[in-house]
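Participant: Curious how this folds, go ahead:
(chains A and B)
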Amino acid sequence: MASYTIPHAPGFVANDAPRIVTERFDDPAGFTLERYLATGGYDGLRAALERPPDEVHSEVRDATLLGRGGAGFPAGVKWGFCPPGVWPRYLVVNGDESEPGTYKDRLLMELDPHQLIEGCLIACYAVGLSQCFLYIRGEMALAQERVAQALNEAYEAGWVGRSICGTDFSVDIVLHSGAGAYVVGEETALIESLEGNRGMPRLKPPYFPAAIGLYGQPTIVNNVETLSNLPWIMRNGAEAFTAIGTSTSPGTRMIAVSGHVQRPGVYEITNGATTFRDLIYGEDYCRGPHPGRELKAFVPGGGSAPWFTPAQLDLPFEASEVGPQGSMLGSGAVMVMDDTTDIPAAALTLTKFYAHESCGKCVPCREGATWLERVLRRVCDGTGTPRDLDVLLEVGASISPGDFPHAAVPERGLEAKPFPYQMTTICFVGPSAFAPVHSALTLFPEEFEARVVANAHLDAELSGDPVSEVPVSV
Amino acid sequence: MSFFTEENRALAGEIIGRYPKRRSAMIPLLHVAQGQAGWVTPEAMTEIAELVDTTPAEVLGTCSFYEMFKREPVGKYLVNICVTMSCALAGAVELMEHAEERLGVRAGGTTPDGMFTLASAECQAACTEAPCLQVNYRYRYRVDTEGFDQLIDDLASGSLAGEIPQHGITARVRQHIPADRAVGAVPPAEVNEAPVWLAAPAPNGAGPA
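Facilitator: A predicted model of the protein is given here:
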């Protein structure tokens, strides 16, 4: 195998592994309509339009295309949740990529916007979606410009809008820019935001906006990478797609590996076949930690995911294997920590993120995430006490009661607790604030104990319920 | 007395027309307002409320939820340094300390000359290129202290003015839907049957000229 970086594709590293969504990244002008058409562009749409919509839907269902946004739900099945006879239906594209460590939808929008547009059109055709809203994260200026330019070109050339390809298939794609709010990546919050509201997740049920979504209508919300797979599936068929990867996780997915590795990068990997060891140590991937350093821990699926240690390196990118071992694949982001990492401080960088991004709707998250940040900050500063470590777990349990998922720790006789967790909040932001704290405390308790042992006498001076006695100064 | 310029009022009308409900245009219109003034003024919120048929308080409610909307003036250049995990592992905290020293303001502050606002930002989706920052949402990758100083010098001298527009203008390319190609918004109240292509399969082999 050989691998190479592409100068105009920041962070992206290509190799000989199969590529589905990043094929055009080699082309510096791959984002233009001219280059897109010259490289098979819109052939997938043409192929789709030659078949009845329900056949296109079946093809996508047969491909077992799992959502690439985080939850990993099969797109073709999700499409089928639209209640019959309720019209109009809408498509909302989730391009609000902001999970810590995640970095692939932005590249897909910047480097191959027409592929995404083509994917949107195929979805609209298959499910009978009458209007498409393409929601792009506000901070992604270049992605917004590239997608706007691509849409303008596509409209002019007749690929989007009225009577597409001379057929009676007609749909508008409206580009909609966000304005900076992580929680809007949650699909019901995304819909609230698109309706002009504060981006707060809606109460469940209904669990899927396919039942009640935008303006109360059936709405499909799909991630950018998910939709970007559709042109390839239409050109090559579900069978070719499922021939790559494993039967339960077919195809490829984009993974951003960041942190303490020699060659951090965004890689398109083969689902199921690639292991974390391949990705972190492989010569065609990240080439391991820097010389003289050792791997200490890694976050396998974005900031919300419980952490793994070297003991889990041989797990493949396969949800059914990672879940029982105590974490999730999430949004396709691996963050690597070597032996120089200050574990409590690393956990704080994530917990503070979720505390900052909590929308404030659910009390356990709004208050709990803030408490987690404050108490953890105190521990990191050296002013925490041993009881603070109990407080962290207690606050976490108020957001996510019961056994929180974690990796096995054989040397302490701890078995893995499988994913998922329970939650007292509407969405996953609350438990995500606890995940790094819980992982760090479970996997590396000694680093916390060393920080607080000198202050043990302070606990003795307090009495009663530890939570109510904790001083609130920070 | 209108807050929006004539050009932006026309743009606002075009944007509103794309949505089945006017209120959906609220965030896009707040961006237009911020692009015009550099921040979102109370006058802008009042006018947006009229345009989308709601109250100024509702607009404030939405506006205040989103990080990008500034309800007081900020510098010409908003320098957002990412401090989330991957950047922190690569030295973002040290970079922020250096930036505070160089600009003479703490994170969140604006330099007295109104040129720079320094802010700590959450994950900017450039984690492999850490530590990263954005100036008015334009990326700079793998920024060290020397690189930061050079960037500030270049911004101050105006040599990056072509690449980085002033604060408030995010995307410089806008979507434009040509009238003869537009399907138009599909409001739920006006449509209650399946789209035509679901009822009648499209003819074979068609494609635009």
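
Participant: switch to C-alpha atoms for all contacts and neighbour counts from now on
Facilitator: OK.

Participant: so where do the strands sit in the stretch 201-350 of chain A?
Facilitator: A:219-223, A:252-259, A:265-270, A:295-299, A:333-338 (DSSP state E, counting those that start in this stretch).

Participant: just checking, what packs against the last one?
Facilitator: Taking 3 or more C-alpha pairs under 8 Å, 6 or more residues apart in numbering or on different chains; DSSP states H and E as contact, the helices and strands that strand A:333-338 lies on are strand A:252-259, strand A:295-299.

Participant: right, so these: which one is the most enclosed?
Facilitator: strand A:252-259 (a mean of 29; mean count of other C-alpha atoms under 10 Å in any protein chain shown).

Participant: So residue A:460 belongs to a helix, correct?
Facilitator: Yes: under DSSP: H, G, I helix; E, B strand; the rest coil, residue A:460 sits within a helix.

Participant: out of the helices and strands packed on strand A:333-338, which comes closest to residue A:157?
Facilitator: strand A:252-259 (30.1 Å; C-alpha to C-alpha).

Participant: quick one: is that closest one near chain B?
Facilitator: Yes: with C-alpha under 8 Å from any C-alpha of the partner chain as the criterion, chain B is reached by strand A:252-259 at A:256, A:257, A:258, A:259.

Participant: Can you tell me which of those is closest to residue B:102?
Facilitator: residue A:259 (26.2 Å).

Participant: how much space between that closest one and residue A:210?
Facilitator: 37 Å (C-alpha to C-alpha, to the nearest Å).

Participant: Tell me which residue is most central in chain A.
Facilitator: The centroid of chain A falls nearest to residue A:331 when counting by C-alpha atoms, centre = their mean (2.2 Å).

Participant: residue ranges with poor pLDDT in chain B?
Facilitator: In the predicted model of chain B, residues B:1, B:200-209 satisfy pLDDT under 70.

Participant: Quick one: the helices in it, in order.
Facilitator: All helices of chain B, identified by DSSP state H, fall at B:6-16, B:26-37, B:42-51, B:56-63, B:85-89, B:92-103, B:145-157, B:196-199.

Participant: tell me the most buried of those helices?
Facilitator: Counting by mean count of other C-alpha under 10 Å, helix B:85-89 has the highest mean neighbour count of the helices of chain B, with a mean of 28.

Participant: According to the record, where do the domains of the chain fall?
Facilitator: Went with chain A since none was named. Following the assignment in automatic domain parsing, chain A carries domains at A:19-242, A:252-338, A:343-469.

Participant: wrong chain, I was asking about chain B
Facilitator: B:9-63, B:77-157.

Participant: Could you pull up phi and psi at the residue of the stretch 351-474 of chain A found nearest chain B?
Facilitator: Closest to chain B within the stretch 351-474 of chain A is residue A:353: 6.5 Å, counting by C-alpha to the nearest C-alpha. The phi/psi pair for residue A:353 (degrees, to the nearest 10) reads phi -60, psi -50.

Participant: ok, what's across the strand from residue A:14?
Facilitator: residue A:4 (DSSP bridges).

Participant: quick one: contacts for residue A:299?
Facilitator: A:305, A:306, A:307, A:308, A:333, A:334, A:335, A:336 (C-alpha atoms under 8 Å, 6 or more residues apart in numbering or on different chains).

Participant: So which of these is the closest to residue B:33?
Facilitator: Closest to residue B:33, out of all of these and judged by C-alpha to C-alpha, is residue A:333, at 35.0 Å.

Participant: which residues does that closest one bridge with?
Facilitator: Residues in beta-bridge contact with residue A:333 (DSSP bridges): residue A:256.

Participant: hmm, back to that, can you put the domains of chain A in JSON lines and add mean pLDDT?
Facilitator: Conversion of these to JSON lines gives the following (pLDDT from 0 to 100):
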{"stretch": "domain A:19-242", "mean pLDDT": "97"}
{"stretch": "domain A:252-338", "mean pLDDT": "97"}
{"stretch": "domain A:343-469", "mean pLDDT": "94"}
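
Participant: can you tell me which of those domains comes nearest to residue B:137?
Facilitator: domain A:19-242 (5.5 Å).

Participant: what's the span of that closest one, first residue to last?
Facilitator: Termini of domain A:19-242 sit 14 Å apart (C-alpha to C-alpha).

Participant: Can you lay out the domains of chain A as TSV showing distance to residue B:136?
Facilitator: Listed next are the domains of chain A as TSV, based on distance: least, C-alpha to C-alpha, whole Å:
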stretch	distance to residue B:136
domain A:19-242	9
domain A:252-338	24
domain A:343-469	20
